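Trainee: next input, structure requested:
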Amino acid sequence: MLFTFKKPPPAPFLSAIIVAGGSSSRMDGIDKQQIPVDQIPVVVRSIAAFSQIRRVWEIILVCREEYIADYFALAQAYELDKVSSVVGGGDTRQESVFRGIAACNPETRYFAIHDGARPLVTRQVIEDCIDAAMEHGAAAAGVAVKDTIKVRNHSGFVTATPDRESLAAIQTPQIFDATLYRAAMNRAKQLRHTYTDDCQLVEQAGHRVFISPGSYENIKITTPEDVAMADAILNFREEAEI
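Mentor: Got it, this is the predicted structure:
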């Protein structure tokens, strides 16, 4: 099922795919994308962040089939005019992204893929990631790991301690040259491989991904505690502006 309510402009420069098709299993079945953070739904905040970027010409929203009409209504209610399509997701995140890619204007030059559940992404993080993708062909927002990370075996015992200086926690957006991403996507389909994120998809096709500066505030809403944390971050931002 597909809702398309605005014809995208000719030859868009960059298409943003907002992926909001998760099961919300850790939110007691409540659709986390529609939970309000400071009175505005999570997914609306995510879309709005990309709507303000001049280089983003269209936004594709991917969600669960049963929420298509709801998300269509949200986009209209909040006047998110850059949203060109709302499409149903697949059984995996990868399949959901691929369906979003299929709904993009075929002439777009870059794909910016973002988790709908990261509503606090800033304009600076997005712009920096776009610049890095234009230079390197593939880029993802990321932050330095604060904690010591351990590799463990199936029995729960530590097998290695990676150098923390070499580690990064990867966020979204993840932005790619369209030709590069389509080639990696077709390779994954041919090999019938499913990857955990779009960076891995591109890496397995032999292309390096540049880590662009992310933000520790760019959290992903996964559990009820994350909603409280997001509210606190927004309050902190408001107080900092006073």
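Trainee: show me the contacts for residue 18.
Mentor: Residue 18 is in contact with 43, 46, 47, 50, 59, 60, 61, 62, 100, 114, 115, 116, counting by CB atoms under 8 Å, 6 or more residues apart in numbering. To be clear about C-beta, it is placed using only N, CA and C from the backbone, and glycine gets the same treatment.
Trainee: among these, which are in strands?
Mentor: If you go by DSSP state E, these have 59, 60, 61, 62, 114, 115 in strands.
Trainee: want to throw those into TSV with distance to residue 201 and neighbour count?
Mentor: Below are the ones in strands among the contacts of residue 18 laid out as TSV (distance: CB to CB, whole Å; neighbours: other CB atoms under 10 Å):
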residue	distance to residue 201	neighbour count
59	21	30
60	17	28
61	20	31
62	16	28
114	15	26
115	15	24
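Trainee: and those residues as TSV, adding distance to residue 132 and pLDDT?
Mentor: Shown next, in TSV, are these (distance: CB to CB, whole Å; pLDDT from 0 to 100):
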residue	distance to residue 132	pLDDT
59	20	97
60	22	97
61	24	97
62	24	97
114	15	98
115	18	97
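Trainee: tell me the one of those residues nearest residue 88?
Mentor: Distance to residue 88 across these (CB to CB) is lowest for residue 62, with 7.5 Å.
Trainee: tell me what that closest one is bridged to.
Mentor: Judged by DSSP bridges, the bridge partners of residue 62 are residue 19, residue 87.
Trainee: so who does it touch?
Mentor: Listed by CB under 8 Å, 6+ apart, the contact partners of residue 62 are 17-21, 86-89, 96-97, 99-100.
Trainee: where does the prediction get shaky in the protein?
Mentor: Within the chain, the stretches with pLDDT under 70 are 1-12, 22-29, 242.
Trainee: how about the strands in it?
Mentor: Taking DSSP E to define them, one finds strands in the chain at 2-4, 14-20, 36-37, 40-41, 56-63, 83-88, 110-115, 138-144, 151-152, 158-160, 168-177, 210-213.
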